[in-house]
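> Sequence and predicted structure, then a few things I'm wondering about:
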Amino acid sequence: MLGLLDRATQLTERKPESSRAEPPSCETALSTTVLAAALLFAHGQTTERTVVAATRLGRALGVAVKVLPQWDELIIELDGSRVSQAVPARPLGVDMGRVLAVTTVIDQICDGTLPAGAAQSALESAGRLPPASTPRFTLFAAVGAASLGVIFGALDAMSLLLIAMSAAAGALVRRRLSGFSHNPLLQPLCAALVAGAVAAVASRFRLSDAIALVAFCPCMVLVPGPHILNGAMDLARTRIALGMTRLAYAGIIVLMICAGGLFGFTAAGGQLAIAGPSPPLSLIIDVIAAGCAVASFGTFFSMPWRLLPFPIAVGMLAHAAHWAVISAGGSAPAGTLVACLFASALTAPVVDRLHLPFAAVAFSAVVSLMPGFFLFNTATGLVELVSIGPGAPAALITSIAASSATALLIITAMAFGLILPRMLYERLRPFPG
């Protein structure tokens, strides 16, 4: 430690006394770097970009750092020494507004427009930015769920109204729960339970002919897509432990969504039934609904209003490519792969300039391609299989296997299609550091 302090003193003595402000001590520079990295990591930035940003910031503050990301903490140590700091940081949330603000502060420090002495307070202010307001969050939850309902074939007004009301109620429940519980699993569980109960009531009173869509479209807005994508990217970069933990976390959330929806549906007296295939839509309706869904997920991830047009445009173009592949006779996984490759190729060169996390923007653009329909049918079929027992017909088992296999193929196609162009771009155009 004394050697590090002597080195910092020597660096200070070499600089002209009047040319610039005194650089921060090694301890201050390290704590500032730790804070910035923790904020990025906890709010949805990819692990690779978090590491690059922390390394760049440390260099600007006069220290060379090594970043060691783990699921529950970030460890940053001074390169070549045993001096390090660890801070609790779990990548549980996605907040593009905070990532944007933190990255802007880092750029200002590196460019010399923000004094190093003001870095700590600026980063703390960026980390306290509020999420999207509750009215906006609730409105776009309703819009997003109804848009997904259109994409999956619910075209009657009553079904869309039920979907929108259910999603809005779930959004209010999520915001209410966030005020007194920090458990990340409680919110999707309760919101899905609301969706299942609303669908069951609609089924009992015969309010809609698309009960399955009324049940699972509000649940679709709860899917943890950025966590799946970030986990897959960590695996691709051989951060095996972190990647597997991210995917396990996302899988538990999906399990909570399915459990909440099914429990709410059965508890309210609904009768489960596997949904049929959705009817084909015209290109115009499909693309417009996809754009609305993208706008809703951008709101969930607290994207600033002025930046929403970019992912909306990308999502609409990607969904048009998906529609074209399906219309030409291609399979759902093939259409998803083409659309995600297209969306990632458009998104990869832009997100760094906009200071936004890639996973959140890319997933927002292709959220309507998530295989919620097949996941719902898999869960419904498993419940029906358990209730029937050994006498279950072979057609039911075949349906469960087909739905689960299709869902897995679509998720794999999404992960591969979104990751490949991004990693190629990072290899060809590395982030300045």
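Looks like it arrived, so ask away.
> which regions of the stretch 201-350 of the chain lie under the pLDDT threshold?
Applying pLDDT under 70 to the stretch 201-350 of the chain picks out residues 270-278.
> Do a quick rundown of the helices in it.
211-220, 225-236, 240-267, 283-300, 309-327, 332-354 (DSSP state H, counting those that start in this stretch).
> May I see those arranged in a markdown table, with mean neighbour count and distance to Pro88 as well?
Every residue, glycine included, has its C-beta placed from N, CA and C. Shown next, in a markdown table, are these (neighbours: other C-beta atoms under 10 Å; distance: least, C-beta to C-beta, whole Å):
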| stretch | mean neighbour count | distance to Pro88 |
| --- | --- | --- |
| helix 211-220 | 30 | 30 |
| helix 225-236 | 24 | 18 |
| helix 240-267 | 19 | 15 |
| helix 283-300 | 22 | 24 |
| helix 309-327 | 21 | 31 |
| helix 332-354 | 21 | 27 |
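> can you tell which of those helices is closest to Gly62?
Closest approach to Gly62 among those (C-beta to C-beta): helix 332-354, 24.4 Å.
> Give me the angle between the closest one and helix 283-300.
50 degrees (axes from the mean of the first three to the mean of the last three C-alpha atoms, to 10 degrees).
> Number the chain from 585, please
With the count now opening at 585, the last piece we talked about shows up as helix 916-938.
> So which elements touch helix 916-938?
helix 893-911, helix 942-950, helix 978-1012 (3 or more C-beta pairs under 8 Å, 6 or more residues apart in numbering; DSSP states H and E).
> 10 Å instead?
Secondary-structure packing of helix 916-938 (3 or more C-beta pairs under 10 Å, 6 or more residues apart in numbering; DSSP states H and E): helix 631-644, helix 680-695, helix 893-911, helix 942-950, helix 978-1012.
> Pull out the buried residues from stretch 634-651.
634-642, 644-647, 649-651 (16 or more other C-beta atoms under 10 Å).
> so how far is stretch 624-639 off the chain centroid?
Put simply, stretch 624-639 sits 14 Å off its chain's centre (C-alpha atoms, centre = their mean, to the nearest Å).
> Quick check, pLDDT for Arg598.
With respect to pLDDT, Arg598 has a value of 42.
> returning to what we had before: Gly848 is nearest to which of the helices and strands packed on helix 916-938?
Of all those, helix 978-1012 sits nearest to Gly848, with 20.6 Å by C-beta to C-beta.
> wait, isn't Phe884 in contact with Val727?
No. Using C-beta atoms under 10 Å, Phe884 is not in contact with Val727; the gap is 11.2 Å.
> Overlap in contacts, these two.
Val805 (C-beta atoms under 10 Å, 6 or more residues apart in numbering).
> so Asp936 touches Phe942, yeah?
Yes. Contact between Asp936 and Phe942 holds when scored by C-beta under 10 Å: they sit 8.1 Å apart.
> can you list residues touching both of the two?
Joint contacts of Asp936 and Phe942 (C-beta under 10 Å, 6+ apart) are Arg633, Tyr1009, Glu1010.
> Might you report the residue contacts of Ile690?
Here Ile690 is in contact with 616-617, 620-621, 623-624, 637-638, 640-641, 644, 698, 703, 706-707, 710, 939 (C-beta under 10 Å, 6+ apart).
> Sort out for me which of those are in helices.
616-617, 620-621, 623-624, 637-638, 640-641, 644, 703, 706-707, 710 (DSSP state H).
> which among these gets closest to Leu761?
Nearest to Leu761 among these: Leu623, at 23.2 Å, using C-beta to C-beta.
> how close does the closest one get to Ser705?
As judged by C-beta to C-beta, to the nearest Å, Leu623 and Ser705 stand 13 Å apart.
> where along the stretch 635-784 of the chain do the helices fall?
680-695, 703-711, 718-735, 741-762, 770-788.
> just to revisit the earlier point, adding distance to Gly628, write the helices of the stretch 785-934 of the chain out as CSV.
Supplementary listing: these in CSV, determined by distance: least, C-beta to C-beta, whole Å:
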stretch, distance to Gly628
helix 795-804, 19
helix 809-820, 6
helix 824-851, 11
helix 867-884, 11
helix 893-911, 14
helix 916-938, 12
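> of all the ones you listed, which lies closest to Ala946?
Per C-beta to C-beta, nearest to Ala946 of the helices of the stretch 785-934 of the chain: helix 916-938, 5.0 Å.
> now the residue nearest to Tyr833 when sequence neighbours are not counted: how far from Gly677?
Closest residue to Tyr833 apart from its sequence neighbours, by C-beta to C-beta, 6 or more residues apart in numbering: His811 at 6.0 Å. Counting by C-beta to C-beta, the gap from His811 to Gly677 is 10 Å.
> Distance of the residue nearest the centre of the chain relative to Phe884?
With distances taken as C-alpha atoms, centre = their mean, Pro810 lies nearest the centre of the chain, 2.5 Å away. Between Pro810 and Phe884 the computed distance is 10 Å (C-beta to C-beta).
> For Met900, list the residues it contacts.
Met900 neighbours (C-beta under 10 Å, 6+ apart): Asp870, Val871, Ile872, Ala873, Ala874, Gly875, Cys876, Ala877, Val878, Ala949.
> From Ser983, how far out is Asn961?
7 Å.
> Looking at the two, which is more packed in?
Asn961 (24 against 18; other C-beta atoms under 10 Å).
> my read: the more buried one touches Ala985, true?
No. Judged on C-beta under 10 Å, Asn961 makes no contact with Ala985 at a distance of 11.0 Å.
> Neighbours of Ala702, how many?
12.
> just Asn767 next, same as before
Neighbour count of Asn767, defined by other C-beta under 10 Å: 10.
> swap in Glu657?
14.
> sorry, back to before: select from the shared contacts of Asp936 and Phe942 the one having the most neighbours.
For those, neighbours tallied by other C-beta under 10 Å; top is Arg633, 22 neighbours.
> need the contact list for it.
624-625, 683, 687, 817, 935-936, 939, 941-943, 1010, 1015.
> so what's it scoring on pLDDT?
Confidence at Arg633, expressed as pLDDT, is 92.
> Could you measure from it over to Ile868?
Here the criterion is C-beta to C-beta. By it, Arg633 lies 36 Å from Ile868.
> Could you find which two of the buried residues of stretch 634-651 are furthest from each other?
Pairwise distances across those (C-beta to C-beta) peak at 20.4 Å, for the pair Thr634 and Gly646.
> Just give the closest residue to Leu938, not the sequence neighbours.
Excluding the flanking residues, the one nearest Leu938 by C-beta to C-beta, 6+ apart is Leu891, at 6.1 Å.
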